[in-house]
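Undergrad: sequence plus the predicted model coming up.
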Amino acid sequence: MKVLKEWDVKVRLVKTKRGAVLHMIELEPGHFYLEQNPLKDSKYGVAYRKIKENFPEFYMFWEIKNNRYTGKLLAGAFLEKKEIDEFVTLLTKSEDFKKFEEILEEIEEMEE
């Protein structure tokens with residue numbers, strides 16, 4: 001493989017004002033991916049909470065650039081084939097999550 005671009009990435013464990021402990025992947029100041037908060041009663045918060053019950057190694061991260069959500073999502077997990085089959089089956093069976101509201105809250109400032 002030929003390296004085309006390289007980033008120095010920081011992975012942080014952060015705590016929100018409401019007490020949620022989340023992972024953050026920082027690419028550069030003002031540009032990071034923040035883990036979905038599973039405690040939120042929003043469309044993605046409820047979905048993430050349900051997914052994490054069955055697949056604790058699954059993660060969803062929202063891209064944030066210049067204190068704004070970009071609408072891009074990084075999601076993934078390290079799973080065995082039988083686990084991904086189970087995961088895909090679960091995702092395709094229910095559409096309950098669609099009834100929840102999409103909520104993108106204000107981005108909190110970083111504290112060192």
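TA: Structure received.
Undergrad: element containing the spatially closest residue to residue 38 that is not a sequence neighbour, please.
TA: Take residue 38 and drop its neighbours on the chain: the residue closest to it by Cβ to Cβ, 6 or more residues apart in numbering is residue 49, 4.2 Å away. Just so you know, the C-beta spots here come from the backbone N, C-alpha and C atoms, and that holds for glycine as well. With the criterion set as DSSP states H and E, the secondary-structure element containing residue 49 is helix 43-54.
Undergrad: off-centre distance for that helix?
TA: On the basis of Cα atoms, centre = their mean, to the nearest Å, the separation between the geometric centre of helix 43-54 and that of its chain is 10 Å.
Undergrad: which residues touch the helix or strand just after it?
TA: Reading on from helix 43-54 to the C-terminus, the next helix or strand found by DSSP H and E is strand 58-65. Strand 58-65 has contacts (Cβ atoms under 8 Å, 6 or more residues apart in numbering) with 23, 25, 30-36, 44, 48, 51-52, 69-77, 79, 87, 104, 107.
Undergrad: re earlier: CA atoms only: put the helix holding residue 49 into PDB for me.
TA: Output for helix 43-54, consisting of C-alpha atoms alone and laid out as PDB, is shown next (Å, rounded to 0.1, in the frame of the first residue of the first chain):
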ATOM      1  CA  LYS A  43     -34.000   8.400  17.300                       C
ATOM      2  CA  TYR A  44     -30.300   7.600  17.300                       C
ATOM      3  CA  GLY A  45     -29.900   7.500  21.100                       C
ATOM      4  CA  VAL A  46     -32.600   4.800  21.400                       C
ATOM      5  CA  ALA A  47     -31.300   2.800  18.400                       C
ATOM      6  CA  TYR A  48     -27.700   3.000  19.700                       C
ATOM      7  CA  ARG A  49     -28.800   1.800  23.200                       C
ATOM      8  CA  LYS A  50     -30.700  -1.100  21.700                       C
ATOM      9  CA  ILE A  51     -27.800  -2.100  19.400                       C
ATOM     10  CA  LYS A  52     -25.300  -1.900  22.300                       C
ATOM     11  CA  GLU A  53     -27.400  -4.300  24.400                       C
ATOM     12  CA  ASN A  54     -26.700  -7.000  21.900                       C
END
